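A.B. asks: Curious how this folds, go ahead:
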Amino acid sequence: MHSSNSDRTVEDDDRQPATRRIRRLALQLNPPPARLDSRFAGVLEMISCAARAKLSVSTGRLSHYMRGKHRDIQERVFEYFNSRPDLQTPVEISKDDHRELCMRQLLGLVWEAGIRPFRYVVEEPGKYFAIAEAVGSVDMSLGIKMGVQFSLWGGSVLNLGTKKHRDKYYEGIDNMDYPGCFAMTELHHGSNVQGLQTVATFDPLTDEFIIDTPNDGAIKWWIGNAAVHGKFATVFAKLMLPTHDTKGTSDMGVHAFIVPIRDLTTHQTLPGIEIHDCGHKVGLNGVDNGALRFCSVRIPRDNLLNRFGDVSKDGKYTSSLPSINKRFAAMLGELVGGRVGLAYSSVGVLKIAVTIAIRYSLLRQQFGPPRQPEISILDYQSQQHKLMPMLASTYAFHFATLALVEKYSEMKKSHDDQVVGDVHALSAGLKAYVTSYTAKSLSTCRESCGGHGYAAVNRFGSLRNDHDIFQTFEGDNTVLLQQVAGDLLKQYQQKFRGGTLAVTWNYLRESMNSYLSQPNPVTARWEGEDHLRDPKFQLDAFRYRTSRLLQGVTVRLRKHSKNLGNFGAWNRCLNHLLTLAESHIESVILAKFIEAVENCADQSTRAALKLVCDLYALDRIWNDIGTYRNVDYVAPNKAKAIHKLTEYLCFQVRNIARELVDALDLPDHVTRAPIGMQSTAEAYSQYTQYVGF
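C.D. replies: Coordinates of the predicted model:
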């Protein structure tokens, strides 16, 4: 079959190097028109994409930059469980067996591996969270059970109690002799902690508190460690003091009390305490959640965790803080570590899922050009669109939550009010944003792996089910985003009253007026790649959106409050407030990612991180392009350029996807998914062996 004259001309010309270079340059500047023969257009597109070489990435150097200073302790966790196959959670296991295995796993970690997480809760929080991430990778139920024991039950004793409590309970919590619970949530009250109904009434005649559950709505619910293993509970209850007036008692607000719930020797439930099992859950069935009812349970006065408020023998109440609200805020502020840990651990879950999905997408081949070998499914633009922005987000969240842990560690040492405020806002926002994103991504990862993603052995199902509750406990995500929005409005008001701002809101202090000014019509049309990949443009775009949303919601609240009151106005503007909070958190995440890129000394590693950071930023801008178009921040030509560049960056990140997931440094015995093995040769062999071949 003979070629046409036009085909021969192209082939003859392409033999000349100079002609080829000119043709390639022309193709980049002027893409081929749609009317070209599809076969020829495909060749030109491949030449155009190949014009820029794939980045050279050293997985070792990138991994070293990502690992952090506590990677050694994580490797100890991984190695211990890898050496103990009997402690690895099987794919199929009953609820009761899973609970007992989970307890044996935790005891093994503490007694055999010699890793004592409790020692780091206050002194070295970064190390504690690193252990929690590693343990959660082994089994998420184990990670949560460890968190209940050391961060919640143990943390409440350390953070809300005083020296007498630490002296009495520290060793037993540390060595697991005193398994405990954190009894805050009730059947009728979760997020509204000030509305808890359990009461602790002081009896001056016996020098005791009497703990009571006044109605079914006040039953403590979803209490981890309560159904089977717990011997103590930190119970949150309204502290009631006797008075000499007609009221009889005075409500001093919610306080925390240590209540023994089972006998230390016989493990029998103690008198006045009723314990029931919350039963089988959607996930985390290795955690024994229970419900607790108290009927005139008496505890010594010393069992009040009295850091922020105390009661004397004669019934007098004293506190260094002047009001119920201030005491409540101080108490909850000391428990913020749980949110920090969930945000950090959620990124760990996302790393596992992304690693499995991308390795499988590189392995699995499907279809391709006629009479050509099948191509990897990650070569399809649709698969890249699903997974490459997710990989970029994983890196972004890694650096953002690492910065949060460092800020939290600074807070525990300095107790500086400004740092405390910053950690509260960041932990609420990042916990909500990251856990919601991870929950959605787990389903996307499952879908992107087709039928094999549905096999339980490949873990997407258990990861999705176990992680799902991360969106609810330690603060419901919708409620936490409202806290962020409330903080943001407060900071906005202070800005115009001349007050100082927390570190998180620095960009409002520095250039709020410029973010609220009219967009530059010239800049709005700039579409060059250098401009779009400039971190200043990206960060300005994120912050401009937040500033516009903040200004808009302030006007809306002021308008609606005249007719609806403050609560009604808040509810009327709730969706706007949630969008505002998410926008702000995205700005914080991007700022931390840009900072991490700039701080990377190795040139090739920095180039890879810059590419991933650009994809994260431009993908987010494109996803909300309507907002930018509505206010003329981005002209139509610029919007089109952003979309085109985002797709190109997806392609570029795909080219180094293997190096990027390998740099997350999750060995096969941690990911534990046959389709996600590092070695493509072993992936199918392990999978087929699992089903019996």
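A.B. asks: Now do the contacts for the closest residue to residue 264 other than its chain neighbours.
C.D. replies: Taking Cβ to Cβ, 6 or more residues apart in numbering, and ignoring the residues beside it in sequence, residue 264 has residue 231 as its nearest neighbour in space, at 5.9 Å. (Each C-beta comes from the backbone N, C-alpha and C, glycine too.) Residues counted as contacts of residue 231 (Cβ atoms under 8 Å, 6 or more residues apart in numbering) are 178, 179, 180, 260, 261, 262, 263, 264, 267.
A.B. asks: Save those residues as JSON lines, and put in pLDDT, neighbour count and distance to residue 685 too.
C.D. replies: What follows is the contacts of residue 231, written out as JSON lines (pLDDT from 0 to 100; neighbours: other Cβ atoms under 10 Å; distance: Cβ to Cβ, whole Å):
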{"residue": "178", "pLDDT": "98", "neighbour count": "22", "distance to residue 685": "46"}
{"residue": "179", "pLDDT": "98", "neighbour count": "22", "distance to residue 685": "42"}
{"residue": "180", "pLDDT": "98", "neighbour count": "30", "distance to residue 685": "45"}
{"residue": "260", "pLDDT": "98", "neighbour count": "17", "distance to residue 685": "53"}
{"residue": "261", "pLDDT": "98", "neighbour count": "25", "distance to residue 685": "49"}
{"residue": "262", "pLDDT": "98", "neighbour count": "20", "distance to residue 685": "48"}
{"residue": "263", "pLDDT": "97", "neighbour count": "11", "distance to residue 685": "52"}
{"residue": "264", "pLDDT": "96", "neighbour count": "11", "distance to residue 685": "50"}
{"residue": "267", "pLDDT": "97", "neighbour count": "11", "distance to residue 685": "46"}
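A.B. asks: Closest one of these to residue 544?
C.D. replies: Proximity of these to residue 544, judged by Cβ to Cβ, is greatest for residue 180, which lies at 48.0 Å.
A.B. asks: Bridged to the closest one, which residues?
C.D. replies: Applying DSSP bridges to residue 180 gives these bridge partners: residue 232.
A.B. asks: coming back round to it: so the residue nearest to residue 264 versus residue 149, what's the distance?
C.D. replies: 11 Å (Cβ to Cβ, to the nearest Å).
A.B. asks: what does residue 566 give?
C.D. replies: 41 Å.
A.B. asks: Same drill for the two, tell me which one is more crowded.
C.D. replies: Looking at residue 566 and residue 149 with other Cβ atoms under 10 Å, you find the greater number of neighbours at residue 149, namely 27 against 10.
A.B. asks: what do residue 231 and residue 149 both touch?
C.D. replies: Residues within reach of residue 231 and of residue 149 at once, by Cβ under 8 Å, 6+ apart, are 179, 180.
A.B. asks: So what's the predicted local confidence for residue 67?
C.D. replies: With respect to pLDDT, residue 67 has a value of 89.
A.B. asks: likewise residue 511?
C.D. replies: As predicted, residue 511 sits at a pLDDT of 51.
A.B. asks: ok, now residue 156?
C.D. replies: Reading off the confidence values, residue 156 has pLDDT 96.
A.B. asks: now for the host helix or strand of it, which elements pack on it?
C.D. replies: With the criterion set as DSSP states H and E, the secondary-structure element containing residue 156 is helix 154-160. Secondary-structure packing of helix 154-160 (3 or more Cβ pairs under 8 Å, 6 or more residues apart in numbering; DSSP states H and E): helix 163-174, strand 232-242, strand 249-260.
A.B. asks: Using CSV, write out every CA atom in the second one.
C.D. replies: The C-alpha trace of strand 232-242 is given here as CSV (Å, rounded to 0.1, in the frame of the first residue of the first chain):
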residue,chain,number,x,y,z
PHE,A,232,-12.0,3.1,84.6
ALA,A,233,-13.8,5.9,82.8
THR,A,234,-13.2,9.6,82.7
VAL,A,235,-16.9,10.7,83.0
PHE,A,236,-17.9,14.1,81.9
ALA,A,237,-20.8,15.4,84.0
LYS,A,238,-22.4,18.6,85.3
LEU,A,239,-20.9,19.3,88.7
MET,A,240,-23.8,20.1,91.2
LEU,A,241,-23.0,21.7,94.5
PRO,A,242,-25.6,21.8,97.4
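A.B. asks: Only the buried residues of that strand, if you could.
C.D. replies: Taking 16 or more other Cβ atoms under 10 Å as the basis for neighbour counts, the residues of strand 232-242 that come out buried are 232, 233, 234, 235, 236, 237, 238, 239, 240, 241.
A.B. asks: coming back round to it: figure out which of the helices and strands packed on helix 154-160 is closest to residue 436.
C.D. replies: The nearest among these, by Cβ to Cβ, is strand 232-242 at 26.2 Å.
A.B. asks: circling back: identify the residues contacting the helix holding residue 156?
C.D. replies: With contacts defined as Cβ under 8 Å, 6+ apart, helix 154-160 is touched by 118, 121-122, 165-166, 169-170, 173-174, 180, 182, 234, 256, 258, 305, 307-308, 331, 334-335, 337-338.
A.B. asks: Can you give the distance of that helix from its chain's centre?
C.D. replies: When distances are taken as Cα atoms, centre = their mean, to the nearest Å, helix 154-160 is centred 23 Å away from the chain's centroid.
A.B. asks: again with stretch 233-246
C.D. replies: Here the centre of stretch 233-246 is set off from its chain's centre by 36 Å, with Cα atoms, centre = their mean.
A.B. asks: Span of stretch 455-471 from start to end?
C.D. replies: Across its full length, stretch 455-471 reaches 24 Å between end residues, using Cα to Cα, to the nearest Å.
A.B. asks: let me redo that: stretch 314-325
C.D. replies: 24 Å.
A.B. asks: Can you say which helix or strand has residue 225 in it?
C.D. replies: Under DSSP H and E, no helix or strand contains residue 225.
A.B. asks: Surely it and residue 179 touch.
C.D. replies: Yes: contact criterion Cβ atoms under 8 Å: residue 225 and residue 179 qualify, at 5.8 Å.
A.B. asks: any shared contact partners between these two?
C.D. replies: Here residue 225 and residue 179 share the contacting residues 149, 153, scored by Cβ under 8 Å, 6+ apart.
A.B. asks: Which helix or which strand is home to the spatially most central residue of the chain?
C.D. replies: Among the residues of the chain, the one closest to the centroid is residue 343, at 3.0 Å (Cα atoms, centre = their mean). Applying DSSP H and E as the criterion places residue 343 in helix 337-363.
A.B. asks: Which strands or helices does that helix pack on?
C.D. replies: helix 125-138, helix 381-414, helix 417-448, helix 460-468, helix 657-662, helix 668-671, helix 680-690.
A.B. asks: who wins for proximity to residue 100 among the ones you listed?
C.D. replies: Judging the helices and strands packed on helix 337-363 by Cβ to Cβ, what sits closest to residue 100 is helix 125-138, at 15.9 Å.
A.B. asks: Quick one: mean pLDDT for the next helix or strand after the closest one?
C.D. replies: Counting by DSSP H and E, the element after helix 125-138 in chain order, helix or strand, is helix 140-146. In this model, helix 140-146 carries a mean pLDDT of 97.
A.B. asks: Right, I'll call it a day here.
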